[in-house]
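*Asks:* predicted model and sequence follow; I will ask about them next.
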Amino acid sequence: MAAKPDMADKPKLLVVEDDPGLATQLKWAWEDFDVTCVGDRESAIAALRQHEPEVVTLDLGLPPDPDGTSEGFAVLDAIMALKPDTKVIVASGHNAPESAMLAIGRGAYDFYRKPVKIEELALIVRRALHLAGLEAENRRLAARAGEDATVLGSIVTAAPEMIRCARTVERVAPADVSVMLLGASGTGKELLARGLHSASLRARAPFIAINCAAIPETLLEQELFGYAEGAFEGANSTREGRIEMADGGTLFLDELGDMSASAQARLLRFIENRAVERMGSARAIPIDARIVCATNRDLAAMVANGAFREDLYYRLAEVIVQVPPLAERAGDVPLLARHFLHRFAAEMNPQVKGFAADGLAAIDSWHWPGNVRELENRVKRAVIMAEGRLVCAEDLDLAEPGEELAQALNLKAAREQADRKVIRHALARTEGNISSTARMLGISRPTLYDLMKQYDLSS
Ligand SMILES: Nc1ncnc2c1ncn2[C@@H]1O[C@H](COP(=O)(O)OP(=O)(O)OP(=O)(O)O)[C@@H](O)[C@H]1O
């Protein structure tokens with residue numbers, strides 16, 4: 001015996017009709033629907049809540065106002081408020097032909113004329129159902145695309161290279177191993193470290209980050225290990241270091257390659273003893289912190305030439321994760337550009353809605369040596385600069401230095417233009433960090449300061 005089609009498989013139709021004869025006629029006309037018939041506002045809303053129908057046919061003339069439209073509109077408004085994706089088809093009676101148009105203005109999908117022609121109504125109902133299905137599928141896909149475009153919480157990517165990298169981080173997160181993130185500046189190492197912490201069992205404890213390159217060598221040890229009162233001149237009170245603050249949580253050591261030999265030795269002692277000694281104090285304070293570190297230097301080479309301790313290296317690099325540069329992540333440049341555009345437009349310039357074609361082309365052809373940080377800064381600046389709805393190539397200021405030089409007045413002017421452009425780009429890449437900019441340009445900090453003064457550039 002063939003199984004009876006299960007009601008659960010059938011699309012749901014709610015018929016709101018106060019004429020019992022007509023309601024019965026409609027009910028039998030829809031064999032392939034799971035039909036519910038009701039005759040007033042209260043039961044219509046109750047049925048909506050209970051069955052969540054995809055499609056509703058609604059007679060606007062319902063009791064206690066069967067000759068008017070007030071009750072019908074009240075039902076329509078309630079449906080639009082409770083479940084706005086419902087396709088409502090209203091009946092337009094002889095007495096109020098204009099009400100059909102009003103109903104569409106208030107969210108109804110379509111209307112039919114009374115007296116009802118079942119075939120005509122069937123066509124409208126089926127089309128509405130088809131559309132409801134398409135819309136539901138679209139919503140599902142959009143939600144999935146949203147999920148897929150971010151990994152480890154906040155990392156926007158669709159590139160297999162980066163997804164693999166994030167998945168590795170996700171997999172090692174629950175194990176209490178040390179993780180070393182290797183990759184160029186601005187590739188998202190800190191974001192990955194934060195993602196790792198959030199995915200670990202330590203998520204509720206603090207995530208403490210310290211950038212070893214941003215703190216002068218002499219202060220780094222104080223920052224990391226803290227100090228006791230009187231440890232040195234000016235130490236008027238005892239201060240806990242970052243390692244202590246990370247107790248129970250994760251300590252993120254950024255730019256690890258910039259750590260002095262003395263700080264390296266102290267760090268190794270902390271790892272071996274699982275305890276810190278504040279500077280100027282012999283008391284060992286037990287600390288349980290997981291270390292995640294990152295560097296854009298070639299640490300293996302630094303170990304080979306003695307600039308970085310080998311024993312420390314192996315303690316910190318139980319798992320090594322290579323973070324690919326942005327230029328090697330297929331499809332990520334336009335994806336991230338749009339992500340940043342929408343974020344910064346919402347924060348700073350809501351009239352901006354997207355990229356002009358030449359803007360997208362400029363983004364696409366740039367090689368992004370400063371990686372995601374450079375892209376983020378460029379788009380931020382462009383959103384602020386944009387005058388219209390679309391960000392164009394000019395707002396992004398991405399031309400190669402060479403392109404404009406051919407038109408320069410003379411060699412001196414050309415050199416100056418090139419200097420300005422290269423310095424501006426380097427500053428954008430490092431978010432105005434003078435030491436990193438000088439290192440990137442292969443000049444000393446004083447030389448960079450001089451040039452910035454000469455060209456009237458600010459960081
Ligand atoms: N995949 C991504 N999705 C969204 N934002 C990102 C992504 N990658 C990086 N960013 C953003 O780019 C900026 C730079 O990232 P991050 O600081 O993590 O890079 P980094 O590799 O640690 O850089 P550095 O080596 O210079 O410290 C941050 O503002 C970060 O939020």
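*Replies:* Nice, thanks for sending it over. Numbers count the residues shown, from 1 in each chain.
*Asks:* what's around Ser365, how many residues?
*Replies:* 11 (other C-beta atoms under 10 Å). For the C-beta atoms, the positions are set from N, CA and C on the backbone; glycine is no exception.
*Asks:* tell me how many other residues surround Phe355.
*Replies:* Neighbours around Phe355, by other C-beta under 10 Å: 25.
*Asks:* an error on my part: the question was meant for His367.
*Replies:* 10.
*Asks:* try Arg274
*Replies:* Using other C-beta under 10 Å, Arg274 is surrounded by 11 other residues.
*Asks:* and if you look at Ile163?
*Replies:* Neighbour tally, Ile163, other C-beta under 10 Å: 16.
*Asks:* who are the packing partners of the helix or strand it falls within?
*Replies:* Element membership of Ile163 [criterion: DSSP states H and E] is helix 160-172. Packing partners of helix 160-172 (3 or more C-beta pairs under 8 Å, 6 or more residues apart in numbering; DSSP states H and E): strand 150-151, helix 189-199, strand 319-322.
*Asks:* packing partners for the first one?
*Replies:* It refers to strand 150-151. Packing contacts for strand 150-151, counted by 3+ C-beta pairs under 8 Å, 6+ apart, involve helix 160-172.
*Asks:* and the next helix or strand after the helix it packs on, is it in reach of the ligand?
*Replies:* Downstream of helix 160-172, the next assigned helix or strand under DSSP H and E is strand 179-182. No: Strand 179-182 lies out of reach of the ligand by C-beta under 6 Å from any ligand atom, never closer than 7.5 Å.
*Asks:* adjacent strands (with direction) for strand 179-182?
*Replies:* strand 290-295 (parallel), strand 319-322 (parallel) (DSSP bridges).
*Asks:* what's the most buried one of those?
*Replies:* For those, the largest average neighbour count (mean count of other C-beta atoms under 10 Å) is found in strand 290-295, namely a mean of 25.
*Asks:* how about the helix or strand following it as CSV, C-alpha atoms only?
*Replies:* Going down the chain from strand 290-295, the next helix or strand is helix 299-304, by DSSP H and E. The C-alpha trace of helix 299-304 is given here as CSV (Å, rounded to 0.1, in the frame of the first residue of the first chain):
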residue,chain,number,x,y,z
LEU,A,299,63.8,33.0,13.6
ALA,A,300,65.4,29.8,12.4
ALA,A,301,68.2,31.9,10.8
MET,A,302,68.5,33.9,14.0
VAL,A,303,69.0,30.7,16.0
ALA,A,304,71.6,29.5,13.5
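*Asks:* buried sites along helix 299-304?
*Replies:* 299, 302-303 (16 or more other C-beta atoms under 10 Å).
*Asks:* the residue of the chain found nearest the ligand and Phe73, how far apart?
*Replies:* Closest to the ligand within the chain is Gly188: 2.8 Å, counting by C-beta to the nearest ligand atom. When C-beta to C-beta, to the nearest Å is the yardstick, Gly188 and Phe73 sit 52 Å from each other.
*Asks:* now swap in Asp110 and tell me
*Replies:* Taking C-beta to C-beta, one finds Asp110 at 16 Å from Phe73.
*Asks:* do Ala301 as well
*Replies:* For Ala301, the distance to Phe73 - C-beta to C-beta - is 75 Å.
*Asks:* what's the answer for Arg415, then?
*Replies:* 74 Å.
*Asks:* of these two, which one has the most company?
*Replies:* Higher neighbour count among Arg415 and Phe73: Phe73, with 20 against 12, using other C-beta under 10 Å.
*Asks:* the nearest residue to Met162 once chain neighbours are set aside: how many residues sit nearby?
*Replies:* Nearest non-adjacent residue to Met162, counting by C-beta to C-beta, 6 or more residues apart in numbering: Arg329, 5.0 Å away. Arg329 has 25 neighbours, counted by other C-beta under 10 Å.
*Asks:* what of Arg283?
*Replies:* 9.
*Asks:* and the nearest residue in space to Ile443 that is not next to it in sequence, what's its pLDDT?
*Replies:* What sits nearest to Ile443 in space, not counting adjacent residues and going by C-beta to C-beta, 6+ apart, is Leu451, at 7.7 Å. For Leu451, the model assigns a pLDDT of 90.
*Asks:* look up how far Pro369 lies from Leu451.
*Replies:* Look at Leu451 and Pro369: by C-beta to C-beta, they are 19 Å apart.
*Asks:* contacts for stretch 282-293?
*Replies:* Stretch 282-293 is contacted from outside by 176, 178-181, 193, 196-197, 200, 202, 208, 243-244, 246-254, 256, 270-271, 273-278, 316, using C-beta atoms under 8 Å, 6 or more residues apart in numbering.
*Asks:* list only buried entries from these.
*Replies:* The neighbour count (16+ other C-beta under 10 Å) marks 178-181, 193, 196-197, 200, 202, 208, 243-244, 246-247, 249-254, 256, 270, 276-278, 316 as buried among the contacts of stretch 282-293.
*Asks:* where does the closest residue in space to Asp258 that isn't next to it in sequence fall, secondary structure wise?
*Replies:* Distance criterion C-beta to C-beta, 6+ apart; nearest residue to Asp258, sequence neighbours excluded, is Ala213 at 4.0 Å. Here Ala213 sits in a region with no helix or strand, counting by DSSP H and E.
*Asks:* hmm, Ala213 is touching Ser435, no?
*Replies:* Yes: the criterion here is C-beta atoms under 8 Å, and Ala213 meets it with Ser435 at 6.9 Å.
*Asks:* more neighbours: those two, which one.
*Replies:* Taking neighbours as other C-beta under 10 Å, Ala213 and Ser435 compare with Ala213 leading, 20 against 14.
*Asks:* for the helix or strand hosting Leu360, give the mean pLDDT please.
*Replies:* Using DSSP H and E, Leu360 falls within helix 357-365. Per-residue pLDDT over helix 357-365 has a mean of 86.
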